[in-house]
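Sequence plus predicted model, see below.
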Amino acid sequence: MLDTWEDGTHSDHLEALFGADVFSERVMRQRLPKDVYASVHKTICEGERLDPTIADAVATAMKDWAIEQGATHYTHWFHPLTGGTAEKHDSFVSPDGSGGVLLEFSGEQLISGEPDASSFPSGGLRATFEARGYTAWDATSPVFLHRDSTCVTLCIPTAFVSHTGEALDKKTPLLRSMDAVSTQALRILTLFGSHKGVSRVNATVGVEQEYFLIDESFWAERPDLQVTNRTLFGAKPPKDQELSDHYWGSIPERVLAYMNAVDLSLFRQGVPVKTRHNEVAPGQYELAATYETANVATDHQMLVMEKLTRLAPQFGFRALLHEKPFAGVNGSGKHDNWSLATDTGVNLLNPQDETHTNMQFLVFLCAVIRAVDLHAGLLRACVASLGNDQRLGGHEAPPAVISIFLGDMLQDIINQLEQGGAKSTMQGGELNLGARTLPQVPKHSGDRNRTSPFAYTGMKFEFRAVGSTANVAWPNCVLNTIVSDSLEFMADELEKSVGTSPTESELEIAVRGLLQRVIKKHKRILFDGDGYSQGWLDEAAKRGLPNLTNTVDALRELNNPTTIDVFSRFDVLTPGELSARASIYLEQYGTQALIEAQSMVSIAHRQLTPATVRQQAEFAETVVATEKAGVSADSLKQRLKEYSELGTRFRDSATALETAISSIPASDDHDARAERIRDTVLPVMVELRSLGDNLERGTSSDYWPLPSYREMLFIK
């Protein structure tokens, strides 16, 4: 008997379900004239500029398909610098002048729109009164339908720029960086004679999304979660993740039903989600997708976050995507698995069996090593946020110090290359499990390192420092750009040595010398030990690696001359566009911190203080009643005294936080303002939270107004 999916289809029809709401290449082949399809296909697969003369034909086919699926409106869907997505819906309906209507959607409407840009963050690129902006169709990312209970909307992934052409979004620089890394990677392939049949090298990305689920009834009683997406108060329960019994455990029935609905909804939109499981902390889960080109993976990742949050209430949940919604337990990251692959399907970070002989792979590997070492501060900056500051450095989150873990096999080859040449590749072999009925399991030649922020995990690098709320367009833009820089360096050096058409032996000699020089200069970024240890932090300081523990310090890297130079040289971001992002991210940091601080004050005064006053009165009444009965109340008096003093300190701390908030001036100097908030507001928030959590431990649950960690983490 077939399992029945929620929407009435059967499990054996899953293949037909996948991509049902996508204007895919299969749909285009069916609906477009051959020459039009061929032109669009060339844009999608080879990065050729879109031919505007075919736009009307594509738009008509797209409109007809969408209307057949029930769509009434279309929207240009883009990624403004808010960190989320944006959409403005327009109807297909236009009056025909005779009392009827026409259903219209032109090529011009498909290719470009003109939304109001005035209220999106611009970092000074645009004045408030300068409202004009433009969206431009990203034909390489699939157009899709968004369905809800009342309507269907055609969503067209686009870039978003100002009237001057400056990027006001996260998609535009990502696409520019993909062009840059493709150009430089092709230079390397040409030197090795591997370029035949290859027209483009794509950055590929697979994203793992961690999140928490809590019952919606608890969320409704937590103003902090409603406003800030994290708990500003909350004492740890007697048990949370210590026993590791939640990790990969049996998924609760209601949670599994929710996960299934999310998967099916994403399948319809062509998002290749692959994995779902319990994560380490109670109430924490993970969803992971397979690999796609970086811009498509970015669009799909935004859809993942949207589906997680949008569908949760249908199952009585709220999904929390914050990096640290619960203090003292695992935070949530977004592991960004990045690689490079040709449009013919060759992964350029695949080491193959005899890795020490694979010179082309080693060039790409050492280019990444050089890039991360030269731009470690920039990599830290691209994952910087108020929430990620609370996550990095513990509970399975990597430290703020950026380093690379290669694993035993690659590290051994790197060590050999540093000495002049690699002679062998460490083999993994097989694991004999001891039981005759169990198979011998292939053993990888190296282990993994959960504390590394940037780890090689087989044919890819896993950037583990990315926060769970992040739009992955920005970190992947940074990775593409800095690796472009290193690939250019490697290509320049090799071409100077042997020209553009070297013999195999000439190239091998030149490559070995170049790799040796690069490794000697940049090996300080390699580390295979415990990233949480104080010993590593001390060692990192000796090596001269930056330890940017907070967002304010990290974002200053965006104004570093080295950063400005690399983005400018590869036409990814102008100095003005880069400066605007630094300003926007600092302003967001400060604004979010003040929202959290003001929320803490409100909760402290309006909910927690009244609760503690009632508890204190009950203690006092108990003391009086006990003494009136002729029984010693000394221990009760001591408890009352301690509780009263704690309550006084709590109220004083709340007042101090109010004072700290009021001392923050309004200013256009977002760096100085963010620094002042970091130094004067955040420490008081930490103190107030500690006092509040201690009060929770001593207050009756009958009086305490906020759902506890025990309830939120364990009741599913």
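Everything's here; your move. Numbering: from 1, shown residues only.

where does the most centrally placed residue in the chain land in three-state SS?
Using C-alpha atoms, centre = their mean, the residue of the chain that lies closest to the mean C-alpha position is Ala470, 3.7 Å off. Here Ala470 is recorded as coil under DSSP: H, G, I helix; E, B strand; the rest coil.

From Ser497, how far off is the residue nearest to it when sequence neighbours are not counted?
For Ala470, the nearest residue in space outside its immediate sequence neighbours is Lys334; the separation is 5.7 Å by C-beta to C-beta, 6 or more residues apart in numbering. Where you see a C-beta, it was placed from the backbone N, CA and C, and this is true even at glycine. Lys334 sits at a distance of 40 Å from Ser497 (criterion: C-beta to C-beta, to the nearest Å).

Between these two, point out the one with more neighbours.
Each of Lys334 and Ser497 had its neighbours counted (other C-beta atoms under 10 Å), and the higher figure belongs to Lys334 (28 against 15).

Secondary structure element holding that one?
Per DSSP states H and E, Lys334 falls inside strand 334-342.

Please point out which parts of the helix or strand following that strand sit buried.
Past strand 334-342, heading to the C-terminal end, the next element that is a helix or strand (DSSP H and E) is helix 359-374. Buried residues in helix 359-374, counting neighbours by 16 or more other C-beta atoms under 10 Å, are found at 359-374.

just those residues now: which is nearest Lys88?
When those are ranked by distance to Lys88 (C-beta to C-beta), Ala371 comes first, at 37.8 Å.

That closest one and Lys521: what is the separation?
Spatial separation of Ala371 from Lys521 under the definition C-beta to C-beta is 13 Å.

how near is Tyr285 to Glu711?
The spacing between Tyr285 and Glu711, counted by C-beta to C-beta, is 18 Å.

And Thr72, by the same measure?
Thr72 is 42 Å from Glu711, by C-beta to C-beta.

Verify the stated contact: Cys155 with Lys88.
No: taking C-beta atoms under 8 Å as the definition, Cys155 is not a contact partner of Lys88, at 11.3 Å.

what pLDDT does the residue nearest to Ala470 get?
The predicted local distance difference test score for Lys334 is 93.

Report the beta-bridge partner residues of it.
Lys334 has the following beta-bridge partners by DSSP bridges: Gln209.

what sits in contact with each of Cys155 and Lys88?
Common neighbours of Cys155 and Lys88, counting by C-beta atoms under 8 Å, 6 or more residues apart in numbering, are Thr75.

neighbour count winner among those two?
When Cys155 and Lys88 are compared for neighbours, Cys155 comes out ahead with 25 against 14, by other C-beta under 10 Å.

Can you tell me the SS state at the more buried one?
Cys155, by the three-state scheme (three-state DSSP), is strand.

Which strands and helices lie in contact with the strand holding Lys334?
Judged by 3 or more C-beta pairs under 8 Å, 6 or more residues apart in numbering; DSSP states H and E, the packing partners of strand 334-342 are helix 171-191, strand 201-215, strand 461-463, helix 473-498.

Including mean pLDDT and distance to Val441, could the ones you listed go into TSV?
As requested, these are arranged in TSV below (pLDDT from 0 to 100; distance: least, C-beta to C-beta, whole Å):
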stretch	mean pLDDT	distance to Val441
helix 171-191	97	34
strand 201-215	97	23
strand 461-463	96	22
helix 473-498	98	32
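
With respect to burial, which of these scores highest?
strand 461-463 (a mean of 26; mean count of other C-beta atoms under 10 Å).

List the pairing partners of it within its sheet, with orientation.
Strands that pair with strand 461-463, judged by DSSP bridges, come out as strand 334-342 (antiparallel), strand 454-456 (antiparallel).

The ones you listed: which one's closest to Arg614?
When the strands paired with strand 461-463 are compared (using C-beta to C-beta), the closest one is strand 334-342, at 42.1 Å.

how close does Leu487 sit to Ser632?
Counting by C-beta to C-beta, the gap from Leu487 to Ser632 is 80 Å.

cool, and Pro252?
Pro252 sits 49 Å away from Ser632, taking C-beta to C-beta as the criterion.

just Glu642 next, same as before
Plainly put, Glu642 is 17 Å away from Ser632 if you go by C-beta to C-beta.

The residue lying farthest from the centre of the chain: which element?
With C-alpha atoms, centre = their mean as the measure, the chain has its most outlying C-alpha, relative to the mean C-alpha position, at Gly630: 63.9 Å. For Gly630, there is no helix or strand it lies in under DSSP H and E.

Same question for Ala674.
With elements delineated by DSSP H and E, Ala674 resides in helix 670-676, which encompasses its position.

buried ones in that helix?
In terms of neighbour count (16+ other C-beta under 10 Å), helix 670-676 has its buried residues at 670-671, 673-676.

what's the pLDDT at Glu114?
pLDDT, Glu114: 82.

Sorry, slip of the keys, the one I care about is Arg49.
Among the per-residue scores, Arg49 holds a pLDDT of 80.

so it makes contact with Val40?
No: using C-beta under 8 Å, Arg49 is not in contact with Val40, being 11.8 Å away.

Pull the number of nearby residues for Ala16.
Neighbouring residues of Ala16 were enumerated by other C-beta under 10 Å; the total is 10.

packing partners for the helix holding Ala674?
helix 551-555, helix 575-603.

Just checking the distance from that helix to the centre of its chain.
Put simply, helix 670-676 sits 25 Å off its chain's centre (C-alpha atoms, centre = their mean, to the nearest Å).

Same question for stretch 231-251.
Stretch 231-251 has its C-alpha centroid displaced from the chain centroid by 23 Å (C-alpha atoms, centre = their mean).

picking up where we left off before, closest to Glu108 out of the buried residues of helix 670-676?
Closest approach to Glu108 among the buried residues of helix 670-676 (C-beta to C-beta): His670, at 37.8 Å.

residues contacting the nearest residue to that closest one once chain neighbours are set aside?
In space, His670 comes closest to Leu586 once its chain neighbours are excluded; the distance is 4.0 Å by C-beta to C-beta, 6+ apart. Taking C-beta under 8 Å, 6+ apart as the criterion, Leu586 is in contact with 551-552, 555, 670-671, 673-674.

again with Ser424
Applying C-beta under 8 Å, 6+ apart, we find Ser424 in contact with 356, 416.

Next, it: secondary structure please.
Taking three-state DSSP as the rule, one finds Ser424 in the coil state.
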